[in-house]
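Q: below are the sequence and a predicted model for it; my questions follow.
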Amino acid sequence: MYDKYLIQPGDDISSIAKKFNTKESIIMDLNNIPFPDMIREGKEIIVPINKEKYFEYYTIKKGDSLYAIGRQYNINPELLAILNGLDSQDYIYPDQEILIPKSNYSYYVTKEGDTLDIVSEKFNEPKDKIIDINETIYLLPGQLLVKKN
(Lines give C-alpha, C1' and ligand atoms only; values in the text may rest on other atoms or scores of the structure.)
Protein backbone atom coordinates (compact mmCIF):
# COMPACT_ATOMS: atom_id res chain seq x y z
CA MET A 1 0.00 0.00 0.00
CA TYR A 2 1.79 3.02 -1.31
CA ASP A 3 1.46 6.74 -1.81
CA LYS A 4 3.79 9.37 -3.24
CA TYR A 5 5.56 12.14 -1.39
CA LEU A 6 7.25 15.29 -2.70
CA ILE A 7 10.58 15.76 -0.93
CA GLN A 8 10.53 19.06 0.98
CA PRO A 9 13.44 21.37 1.93
CA GLY A 10 15.32 19.89 4.86
CA ASP A 11 13.95 16.35 4.35
CA ASP A 12 16.26 13.40 4.65
CA ILE A 13 15.54 9.66 4.63
CA SER A 14 15.27 9.61 8.41
CA SER A 15 12.74 12.46 8.66
CA ILE A 16 10.64 11.03 5.82
CA ALA A 17 10.61 7.60 7.47
CA LYS A 18 9.39 9.21 10.71
CA LYS A 19 6.61 11.10 8.87
CA PHE A 20 5.28 7.85 7.46
CA ASN A 21 5.99 5.71 10.52
CA THR A 22 8.25 3.36 8.61
CA LYS A 23 11.91 2.35 8.36
CA GLU A 24 14.52 4.19 6.32
CA SER A 25 15.41 0.93 4.55
CA ILE A 26 11.82 0.51 3.32
CA ILE A 27 11.82 3.96 1.71
CA MET A 28 15.21 3.29 0.17
CA ASP A 29 14.11 -0.11 -1.18
CA LEU A 30 10.82 1.21 -2.61
CA ASN A 31 12.67 3.91 -4.52
CA ASN A 32 15.88 2.08 -5.43
CA ILE A 33 17.94 4.58 -3.42
CA PRO A 34 21.36 3.02 -2.77
CA PHE A 35 22.56 5.65 -0.28
CA PRO A 36 20.54 7.80 2.17
CA ASP A 37 22.08 11.06 0.91
CA MET A 38 20.85 10.51 -2.66
CA ILE A 39 17.48 12.25 -2.26
CA ARG A 40 16.79 15.72 -3.56
CA GLU A 41 14.24 18.40 -2.73
CA GLY A 42 11.41 18.54 -5.27
CA LYS A 43 11.69 14.88 -6.29
CA GLU A 44 8.70 12.55 -5.79
CA ILE A 45 9.25 9.25 -4.06
CA ILE A 46 7.03 6.30 -3.15
CA VAL A 47 6.19 5.92 0.54
CA PRO A 48 3.95 3.58 2.55
CA ILE A 49 0.40 4.91 2.74
CA ASN A 50 -0.62 7.06 5.72
CA LYS A 51 -2.57 4.40 7.58
CA GLU A 52 -4.32 6.77 9.97
CA LYS A 53 -6.24 8.33 7.08
CA TYR A 54 -7.98 5.13 6.01
CA PHE A 55 -7.66 2.74 8.96
CA GLU A 56 -8.32 2.22 12.63
CA TYR A 57 -6.24 -0.08 14.80
CA TYR A 58 -7.62 -3.21 16.44
CA THR A 59 -5.83 -5.22 19.12
CA ILE A 60 -6.36 -8.97 18.80
CA LYS A 61 -8.00 -10.65 21.77
CA LYS A 62 -7.77 -14.29 22.78
CA GLY A 63 -10.10 -16.34 20.57
CA ASP A 64 -10.25 -13.78 17.73
CA SER A 65 -10.01 -14.86 14.11
CA LEU A 66 -9.89 -12.83 10.92
CA TYR A 67 -13.29 -14.26 10.05
CA ALA A 68 -14.82 -13.14 13.36
CA ILE A 69 -13.23 -9.69 13.16
CA GLY A 70 -14.41 -9.39 9.57
CA ARG A 71 -17.98 -10.19 10.62
CA GLN A 72 -17.79 -7.75 13.52
CA TYR A 73 -16.68 -4.88 11.25
CA ASN A 74 -18.54 -6.03 8.11
CA ILE A 75 -15.26 -6.54 6.21
CA ASN A 76 -14.35 -9.39 3.88
CA PRO A 77 -11.81 -11.50 5.85
CA GLU A 78 -9.70 -11.93 2.68
CA LEU A 79 -9.39 -8.14 2.32
CA LEU A 80 -8.63 -7.83 6.03
CA ALA A 81 -5.83 -10.38 5.61
CA ILE A 82 -4.35 -8.67 2.52
CA LEU A 83 -4.42 -5.23 4.12
CA ASN A 84 -2.46 -6.61 7.07
CA GLY A 85 0.05 -8.62 5.05
CA LEU A 86 -1.47 -11.91 6.18
CA ASP A 87 -2.87 -15.01 4.58
CA SER A 88 -6.50 -15.64 5.55
CA GLN A 89 -5.41 -18.85 7.31
CA ASP A 90 -2.55 -17.25 9.30
CA TYR A 91 -2.66 -17.48 13.05
CA ILE A 92 -3.20 -14.15 14.80
CA TYR A 93 -1.93 -13.54 18.29
CA PRO A 94 -3.47 -11.83 21.33
CA ASP A 95 -2.16 -8.24 21.66
CA GLN A 96 -1.19 -8.16 17.96
CA GLU A 97 -2.42 -4.96 16.26
CA ILE A 98 -4.07 -5.07 12.88
CA LEU A 99 -5.55 -2.43 10.60
CA ILE A 100 -9.32 -2.18 10.25
CA PRO A 101 -10.51 -0.25 7.18
CA LYS A 102 -12.71 2.74 7.97
CA SER A 103 -16.29 2.10 6.94
CA ASN A 104 -16.82 5.16 4.74
CA TYR A 105 -14.41 3.91 2.04
CA SER A 106 -14.24 1.03 -0.41
CA TYR A 107 -10.82 -0.53 -0.86
CA TYR A 108 -8.95 -2.30 -3.64
CA VAL A 109 -5.37 -3.60 -3.54
CA THR A 110 -3.84 -3.54 -7.01
CA LYS A 111 -2.49 -6.66 -8.67
CA GLU A 112 0.01 -7.28 -11.46
CA GLY A 113 -1.49 -6.18 -14.78
CA ASP A 114 -4.11 -3.83 -13.32
CA THR A 115 -4.98 -0.75 -15.35
CA LEU A 116 -6.98 2.32 -14.48
CA ASP A 117 -9.80 0.91 -16.61
CA ILE A 118 -9.86 -2.28 -14.51
CA VAL A 119 -9.89 -0.31 -11.25
CA SER A 120 -12.63 1.94 -12.63
CA GLU A 121 -14.75 -1.15 -13.34
CA LYS A 122 -14.06 -2.63 -9.89
CA PHE A 123 -15.19 0.57 -8.17
CA ASN A 124 -17.93 1.27 -10.73
CA GLU A 125 -16.66 4.87 -10.83
CA PRO A 126 -15.27 7.06 -13.62
CA LYS A 127 -11.48 7.13 -13.88
CA ASP A 128 -11.25 10.86 -13.10
CA LYS A 129 -13.09 10.39 -9.80
CA ILE A 130 -10.74 7.57 -8.78
CA ILE A 131 -7.76 9.77 -9.62
CA ASP A 132 -9.17 12.71 -7.62
CA ILE A 133 -9.75 10.60 -4.49
CA ASN A 134 -6.44 8.74 -4.60
CA GLU A 135 -4.21 11.68 -5.56
CA THR A 136 -1.54 9.29 -6.87
CA ILE A 137 -1.97 6.07 -8.77
CA TYR A 138 1.07 3.97 -9.67
CA LEU A 139 -0.77 0.69 -10.28
CA LEU A 140 2.13 -1.15 -8.70
CA PRO A 141 1.07 -4.48 -7.25
CA GLY A 142 0.09 -3.86 -3.64
CA GLN A 143 -1.01 -0.23 -3.99
CA LEU A 144 -4.13 0.50 -1.99
CA LEU A 145 -6.78 2.47 -3.86
CA VAL A 146 -9.84 3.83 -2.13
CA LYS A 147 -13.26 5.15 -3.04
CA LYS A 148 -15.26 7.35 -0.71
CA ASN A 149 -18.73 5.86 -0.28
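A: Looks like it arrived, so ask away.
Q: quick one: contacts for Asn149?
A: Contact analysis of Asn149 by C-beta atoms under 8 Å, 6 or more residues apart in numbering lists 103-106. No exception for glycine: its C-beta is placed from N, CA and C like everyone else's.
Q: 7 Å - rerun?
A: Asn149 sits next to 104-106 when contact means C-beta atoms under 7 Å, 6 or more residues apart in numbering.
Q: again with Thr22
A: Residues near Thr22 by C-beta under 7 Å, 6+ apart: Pro48.
Q: what pLDDT does it get?
A: Predicted confidence (pLDDT) for Thr22: 82.
Q: from Ser14, how far off is it?
A: 11 Å (C-beta to C-beta, to the nearest Å).
Q: still on that earlier bit, can you flag the buried ones in the contacts of Asn149?
A: Buried subset of those (neighbour count, 16 or more other C-beta atoms under 10 Å): 105-106.
Q: just the closest of the contacts of Asn149 to Ile82, please.
A: For the contacts of Asn149, the residue nearest Ile82 by C-beta to C-beta is Ser106; the value is 14.0 Å.
Q: partner strands of the one helix or strand the closest one maps to, parallel or antiparallel?
A: Assigned by DSSP states H and E, Ser106 falls within strand 105-109. If you go by DSSP bridges, strand 105-109 pairs up with strand 144-148 (antiparallel).
Q: what strand or helix carries the nearest residue to Pro126 once chain neighbours are set aside?
A: In space, and not counting its chain neighbours, Pro126 is closest to Ser120: 6.5 Å by C-beta to C-beta, 6 or more residues apart in numbering. Applying DSSP H and E as the criterion places Ser120 in helix 116-123.
Q: hmm, who's touching that helix?
A: So helix 116-123 is contacted by 106, 108, 126-127, 130, 137, 139, 145, 147 (C-beta under 7 Å, 6+ apart).
Q: which helix or strand lies directly C-terminal to the least confident helix or strand in the chain by mean pLDDT?
A: Across the helices and strands of the chain, the lowest-confidence element by mean pLDDT, DSSP states H and E is helix 51-54, at a mean of 69. Using DSSP H and E, the helix or strand that follows helix 51-54 towards the C-terminus is strand 55-59.
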